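>>> Test case, fold it:
(2 chains, ligands or ions: 2)
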Amino acid sequence: MFNYDRYLRKGKLPHIWCPGCGYGIIFKAMIRAIDALGWDKNETVLASGIGCASRLPGYADFNTIHTTHGRSIPFATGIKLANPKLKVVVMGGDGDMSAIGGNHLIHACRRNIDLPLVIFNNNIYGMTGGQFSPTTPIGKKATTAPYGMTENAFDISALSIAAGASFVARVTSFHAKQMEELMKQAFQHKGFSVLEIITGCPTGYGRRNGQPEAADQLEWQRAHGIPKLRYEKMSSEEREGKFSIGVLHDEEKPSYLETYDKAVGLA
Amino acid sequence: MSRFRHSMRRWASPMKQLLQGNDAAALGALYAGCRFFAGYPITPSTEIAEKLALLLPKHGGRFIQMEDELAAMAAVVGASVAGVKSLTATSGPGFSLKQENLGFAYITEVPCVVADVQRGGPSTGLPTAPSQSDIMQARWGTHGDHPSIALYPSTVYEQFTEMVRAFNLSERYRIPVIFLSDEIIGHMRECVTLPQEGDLEIINRTKPTVPPEDYKPYDSSRLVPPMANFGEGYRYHITGLSHDDTGFPTNNGYIAEKAAKRLQKKIDDNYDDIVKVEEFFCSDAEVIVFSVGAAARSAKEAVLAARGRGIKAGLLKALTVWPFPDRHIKSYASRLKRLVVAEMNLGQLSNEVERAAEGNIEVRRILQANGEPIAPAQILEHFSPSDRAVYV
Ligand SMILES: Cc1ncc(C[n+]2csc(CCOP(=O)(O)OP(=O)(O)O)c2C)c(N)n1
Ligand code: SF4
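Ligands and ions are numbered 1, 2, ... in the order given. Next up, the predicted model:
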């Protein structure tokens, strides 16, 4: 039996997440991945920004820092450069990471900074009540898109690959077991790794977009998240509305710290 | 450590040297134990970043140029949380961007130093001209109630020593400290003999001694609770939300207010330790000029010229701008006829002097925001109305 209690701040439960929110699944996978890697709790740091996703660190018994909206990557960058021995995991929502924090995201990718990042992509601003985010698909409803979303959406994984992240993977909260495996890979990767998790927000997104129950969103994820190899063999019509999951990019290249420390004589 | 000694000896030479103000600030930071800098280039502060990009690695530290000032401020706070003394440096437009995460450092009580080498504003303003118009931004730049500490040197030597003091105060009181400077002081070169290792006291944050399970990072029974660094076995939570003694968020307004009051009190109760004012010819003065930074240099000239003419003038030069030197102002307001305030902005210090003086003294304002330094003659004429013709 896996001992979750070892990693939970039980006094801080119950969590704030709505019934049916996908974040509990991510939390579970994260704890299991960290446990599997055998990380020392005292040397593990969880850093987040602002949003429902960013509340996760408060419930986990590590060194935890809940920063400002969109800024967790630069906070974590400072932590990591000050003490590279620390295992620092960064996390946040799609708004946190691709809207207000989008600039930090692409520069972290470009630097190949020694951090793993987990993006909880529920296609909406959950915490503030369902406003559209940069990943809300065109036509979908949000409180600030009452006529349907009119802007194009970001593909966060494609963006991260293009910006230079050396490991990029995508999964959904339906694929919970695979999520845990991908987290392990992302957390162990040298350089900047991005794990994009497509997940549900029945409160802010689902109920306005024909998926009122948590199960509706999980079912949608199951049907639309296609393993990379299969996705690549699909025709463009078959791909319509679907997305690839699994390891999308994995490249061995020098990390920020490796390059910097060598250049300045610290290595 | 041996590496540190070696290079400190090389840079902080015991010999007299010609040094630029910004470079002196960078060396002061190294002396204070700063081992991390994150910044974004902006005139007239950039030499601080350039100097530290070169020197930090030689002292075992790291430098990073971030994508913007929001990120730079965040990285500096992060590094401090991990136990490394950290600095960022900027000017007005960047100082505006720092405010978000500076607020985070205030509420989470994370020590660090933010240098703001002032130029004309608002916005892009006068990029290469001096100004003192961020005085109020150094106090109220971020939202919410919080105390602030801002130091303001006026010589190259003080750029070094006040930078050391900035780090010391930030570590002692667990507060980000604003290091104000201006284009004149930052870019000026003066001959200095820098303090050597051991000459100045270096203060480091107090660490907890209790077992981890008893640690309260925001223990309200202490004015300044001890601070554990991440990775040292005290697993705790840091949040920019209002929090209780344990560091976890609370919606309880009573606890939030109590915490805000403690933050204020830890600074208010230590006025004597924090507020530093240089009193130049003040003991027998009949008229005193209050000034800071570059303007204080002109004020000093004016005082010397006035004394040469038999006018009993004095200078009150504030090295600490925040908390404002209220007690010093009050003590002079009760026995003088006139206080002259010389500042390179439209009255940010004068308003404070008037507030502190509580109407007990005439406050003459010499305000200039045209990007030019205030000339000693402009100050001198306010010491004695008849003196103008003599000096000019
Ligand atoms: C500077 C700033 N702007 C706006 C907000 C308000 N705000 C809080 S959370 C949030 C968006 C959250 O959405 P996301 O990042 O996708 O995370 P989720 O809540 O969906 O997990 C916003 C806009 C804020 N806290 N700070
Ligand atoms: S609003 Fe959405 S993202 Fe936030 S807890 Fe509820 S379901 Fe989850």
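>>> any weak-confidence spans in the stretch 151-300 of chain B?
Nowhere does the stretch 151-300 of chain B drop to pLDDT under 70.
>>> and the biggest helix by length in chain A, which residues are buried?
Determined from DSSP state H, the single longest helix within chain A is helix A:23-37. Of the residues in helix A:23-37, A:23, A:25, A:26, A:27, A:28, A:29, A:30, A:31, A:32, A:33, A:34, A:35 count as buried by neighbour count, 16 or more other C-beta atoms under 10 Å in any protein chain shown. From N, CA and C alone the C-beta is placed, and that goes for glycine too.
>>> show me the residues around the fourth one that make contact.
Going by C-beta atoms under 8 Å, 6 or more residues apart in numbering or on different chains, residue A:27 touches A:15, A:56, A:59, A:60.
>>> Tell me, how many residues neighbour residue 183?
Went with chain A since none was named. As a burial measure, residue A:183 scores 27 neighbours (other C-beta atoms under 10 Å in any protein chain shown).
>>> oops, chain B please
Counted with other C-beta under 10 Å, the neighbours of residue B:183 add up to 29.
>>> measure it to residue B:376 for me?
Distance of residue B:183 to residue B:376, computed by C-beta to C-beta, to the nearest Å: 19 Å.
>>> Repeat that for residue A:241.
Residue A:241 is 74 Å from residue B:376, by C-beta to C-beta.
>>> just residue A:217 next, same as before
The value you get for residue A:217 to residue B:376, if C-beta to C-beta is used, is 73 Å.
>>> hmm, back to that, would you format the buried residues of helix A:23-37 as CSV with pLDDT and distance to ligand 2 included?
Listed next are the buried residues of helix A:23-37 as CSV, based on pLDDT from 0 to 100; distance: C-beta to the nearest ligand atom, whole Å:
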residue, pLDDT, distance to ligand 2
A:23, 98, 5
A:25, 98, 11
A:26, 98, 10
A:27, 98, 11
A:28, 98, 15
A:29, 98, 16
A:30, 98, 16
A:31, 98, 18
A:32, 98, 20
A:33, 98, 21
A:34, 98, 22
A:35, 98, 24
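>>> tell me which of these is nearest to residue B:53?
Of all the buried residues of helix A:23-37, residue B:53 sits closest to residue A:34, with 34.7 Å by C-beta to C-beta.
>>> Tell me which helix or strand the nearest residue to residue B:265 once chain neighbours are set aside sits in.
Distances taken as C-beta to C-beta, 6 or more residues apart in numbering or on different chains put residue B:223 closest to residue B:265, at 6.4 Å, once the chain neighbours are dropped. Residue B:223 is part of no helix or strand when elements are defined by DSSP states H and E.
>>> ok, back up a step: just the buried residues of helix A:23-37 that are near ligand 1?
Near ligand 1, judged by C-beta under 6 Å from any ligand atom, there are no entries from the buried residues of helix A:23-37.
>>> I'd like those laid out as JSON lines, including distance to residue A:207.
Listed next are the buried residues of helix A:23-37 as JSON lines, based on distance: C-beta to C-beta, whole Å:
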{"residue": "A:23", "distance to residue A:207": "17"}
{"residue": "A:25", "distance to residue A:207": "19"}
{"residue": "A:26", "distance to residue A:207": "21"}
{"residue": "A:27", "distance to residue A:207": "22"}
{"residue": "A:28", "distance to residue A:207": "24"}
{"residue": "A:29", "distance to residue A:207": "25"}
{"residue": "A:30", "distance to residue A:207": "26"}
{"residue": "A:31", "distance to residue A:207": "29"}
{"residue": "A:32", "distance to residue A:207": "30"}
{"residue": "A:33", "distance to residue A:207": "31"}
{"residue": "A:34", "distance to residue A:207": "33"}
{"residue": "A:35", "distance to residue A:207": "34"}
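>>> Which two of those have the greatest separation?
Spanning the widest gap among these are A:23 and A:35, at 18.5 Å by C-beta to C-beta.
>>> Does residue B:235 touch residue B:229 like I think?
No - in this structure, residue B:235 is not within contact of residue B:229 by C-beta atoms under 8 Å, at 11.6 Å.
>>> higher neighbour count, those two?
It is residue B:235, of residue B:235 and residue B:229, that has more neighbours when counted by other C-beta under 10 Å, with 22 against 18.
>>> thinking again about what came up before, measure how buried the residue nearest to residue B:265 is and give me the count.
15.
>>> Now the phi/psi pair for it, please.
When quoted as degrees, to the nearest 10, the phi and psi of residue B:223 stand at phi -70, psi -40.
>>> do residue B:297 as well
Main-chain dihedrals, residue B:297, degrees, to the nearest 10: phi -70, psi -40.
>>> Excluding covalently adjacent residues, which one is nearest to it?
Using C-beta to C-beta, 6+ apart, the nearest residue to residue B:297 is residue B:154, at 5.6 Å.
>>> tell me the phi and psi of residue A:120?
Backbone torsions of residue A:120, given as degrees, to the nearest 10, read phi -90, psi 100.
>>> Tell me who's in contact with it.
Applying C-beta under 8 Å, 6+ apart to residue A:120 gives the contacts A:22, A:23, A:26, A:52, A:53, A:91, A:92, A:93, A:94, A:197, A:199.
>>> List the contacts of the residue nearest to residue B:105 when sequence neighbours are not counted.
Among residues not flanking residue B:105 along the chain, residue B:176 sits closest, at 4.1 Å (C-beta to C-beta, 6+ apart). Counting by C-beta under 8 Å, 6+ apart, residue B:176 makes contact with B:77, B:102, B:105, B:106, B:110, B:111, B:112, B:113, B:114, B:170.
>>> Identify, from those, the entry nearest to chain A.
For the contacts of residue B:176, the residue nearest chain A by C-beta to the nearest C-beta is residue B:77; the value is 6.3 Å.
>>> Now the closest one: which helix or strand?
Element membership of residue B:77 [criterion: DSSP H and E] is helix B:69-81.
>>> From ligand 1, how far off is the residue of the stretch 1-150 of chain A found nearest chain B?
Closest residue of the stretch 1-150 of chain A to chain B, C-beta to the nearest C-beta: residue A:78 (2.7 Å). Distance of residue A:78 to ligand 1, given as C-beta to the nearest ligand atom, to the nearest Å: 19 Å.
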